[in-house]
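> here are the coordinates; sequence isn't available:
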Ligand SMILES: Nc1ncnc2c1ncn2[C@@H]1O[C@H](COP(=O)(O)OP(=O)(O)OP(=O)(O)O)[C@@H](O)[C@H]1O
């Protein structure tokens, strides 16, 4: 039995769980540890001034259930009693929630910690395997998700617990490796001179990569929206778009393999984020998996690690509910991130 959570009392049910993204916030309520989650319609963050107002209108106005506790996953760092969100004007103020919403206990964690909690127990219907490695081990895992940005979360298995590890893995350096990379990389828009992984592996990164390929080839770029590039790539109606998504898959595989080595992720590497699902047919091709395994001197080891695309539509909420139902199975540190009345 793990000692990691002994200082943390269980949260009282019903528990409100929330995944607060830049554009959308998704909420559910768990009536008790055995009950199915009751899901509420997506709330667009731009439609409400505050998260408290969104909870009142998007949840409380639609049910008689009143949560006694809340676990929220947010995109952004959690420091202190005022938590600003990346890509959205909301500031999460747990003290205000305790006073105004009748909630007794609030925990706030990072969105990729929630994604990491989810990959501890996703079923076969909630993921699609990429490649042939299929050995399922109860061992450390990694999740990386290209969306508006690039999130990364580790899930370490130790002392009989799953321990989510938040971090800024989306900001590691990504370097050129092939001759073609060397032609394209000089044209990738940098951040203070650096090609951080997020300069390529996210929505705006797809456009950045596409434009760099156009410049390297001396042709005009036609598309400004990542969705246009992926749709032309998947339909094979534009050669540069096809190469963009092929290289995107290679670079995603390269980073996924690096993270697998860093975390000794024998339990598998998971791709989440909106973009992974949208380019699933491209990820099924050879580039992603080939780059993932291309890690001499450890390729034999990478070949045995399964890789998956998360297909669960509400994976972060699923992760939060696994934790809410069975907190003792997880080593979630709540220090400085839990507020009680
Ligand atoms: N078909 C597509 N192909 C590639 N990129 C796309 C496509 N559709 C949307 N995008 C890009 O995906 C990004 C949004 O990603 P995602 O849907 O994962 O949102 P998110 O970052 O999780 O935010 P939120 O949680 O608020 O929904 C945007 O940069 C958008 O331009």
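Cool, got the structure. Note that the structure is predicted; figures quoted are calculated from it, not measured. Residues are numbered from 1 along each chain as shown.
> quick check: residues of the stretch 101-250 of the chain near the ligand?
147-148, 203-204, 206, 226-227, 230 (C-beta under 6 Å from any ligand atom). Backbone N, C-alpha and C define where each C-beta goes, glycine included.
> same thing but 5 Å
Neighbours of the ligand within the stretch 101-250 of the chain, by C-beta under 5 Å from any ligand atom: 147-148, 203, 226-227, 230.
> count of neighbours near the residue nearest to residue 113 when sequence neighbours are not counted?
Spatially, and ignoring its direct neighbours in sequence, residue 113 is nearest to residue 164 (4.2 Å; C-beta to C-beta, 6 or more residues apart in numbering). A count of nearby residues for residue 164, using other C-beta atoms under 10 Å, gives 27.
> point me to the residue sitting farthest from the middle of this protein.
residue 218 (35.2 Å; C-alpha atoms, centre = their mean).
> picking up where we left off before, shouldn't the residue nearest to residue 113 be within a helix?
No: counting by DSSP: H, G, I helix; E, B strand; the rest coil, residue 164 is not found in a helix; it is strand.
> list the residues that contact it.
By C-beta atoms under 8 Å, 6 or more residues apart in numbering, the contact list for residue 164 reads 109, 113-114, 116-117, 153-156, 330-332.
> if we can go back for a sec, how about the residue farthest from the centre of the chain, phi and psi?
Phi and psi for residue 218, reported as degrees, to the nearest 10, are phi 70, psi 40.
> and what of residue 262?
In terms of degrees, to the nearest 10, the main-chain angles of residue 262 are phi -60, psi -40.
> compute the number of surrounding residues for residue 136.
Applying other C-beta under 10 Å, we find 9 residues neighbouring residue 136.
> which parts of the stretch 1-150 of the chain are strands?
Ranges of strands in the stretch 1-150 of the chain, per DSSP state E, counting those that start in this stretch, are 15-20, 24-30, 38-39, 43-44, 69-74, 83-84, 91-92, 105-110, 127-130, 141-146, 150-158.
> could those strands go into JSON lines alongside mean neighbour count?
Formatted as JSON lines, the strands of the stretch 1-150 of the chain follow (neighbours: other C-beta atoms under 10 Å):
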{"stretch": "strand 15-20", "mean neighbour count": "26"}
{"stretch": "strand 24-30", "mean neighbour count": "22"}
{"stretch": "strand 38-39", "mean neighbour count": "14"}
{"stretch": "strand 43-44", "mean neighbour count": "16"}
{"stretch": "strand 69-74", "mean neighbour count": "26"}
{"stretch": "strand 83-84", "mean neighbour count": "16"}
{"stretch": "strand 91-92", "mean neighbour count": "18"}
{"stretch": "strand 105-110", "mean neighbour count": "23"}
{"stretch": "strand 127-130", "mean neighbour count": "19"}
{"stretch": "strand 141-146", "mean neighbour count": "28"}
{"stretch": "strand 150-158", "mean neighbour count": "23"}
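> with mean pLDDT added, can I get those strands in TSV?
What follows is the strands of the stretch 1-150 of the chain, written out as TSV (pLDDT from 0 to 100):
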stretch	mean pLDDT
strand 15-20	97
strand 24-30	96
strand 38-39	96
strand 43-44	96
strand 69-74	97
strand 83-84	94
strand 91-92	96
strand 105-110	96
strand 127-130	98
strand 141-146	98
strand 150-158	96
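> and these as JSON lines, adding distance to residue 265?
Output for those, formatted as JSON lines (distance: least, C-beta to C-beta, whole Å):
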{"stretch": "strand 15-20", "distance to residue 265": "23"}
{"stretch": "strand 24-30", "distance to residue 265": "27"}
{"stretch": "strand 38-39", "distance to residue 265": "30"}
{"stretch": "strand 43-44", "distance to residue 265": "33"}
{"stretch": "strand 69-74", "distance to residue 265": "21"}
{"stretch": "strand 83-84", "distance to residue 265": "29"}
{"stretch": "strand 91-92", "distance to residue 265": "30"}
{"stretch": "strand 105-110", "distance to residue 265": "19"}
{"stretch": "strand 127-130", "distance to residue 265": "14"}
{"stretch": "strand 141-146", "distance to residue 265": "5"}
{"stretch": "strand 150-158", "distance to residue 265": "8"}
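> residue 54 and residue 45 touch, don't they?
Yes: using C-beta atoms under 8 Å, residue 54 is in contact with residue 45, at 7.3 Å.
> so what sits against both of these two?
25, 90.
> if we can go back for a sec, out of the strands of the stretch 1-150 of the chain, nearest to residue 170?
Comparing the strands of the stretch 1-150 of the chain against residue 170 with C-beta to C-beta, the closest turns out to be strand 150-158 (3.3 Å).
> for the closest one, which strands pair with it and how are they oriented?
Its sheet considered, strand 150-158 pairs with strand 141-146 (antiparallel), strand 161-166 (antiparallel) by DSSP bridges.
> where in the chain is pLDDT low?
Counting by pLDDT under 70, the chain shows low-confidence ranges at 1-9.
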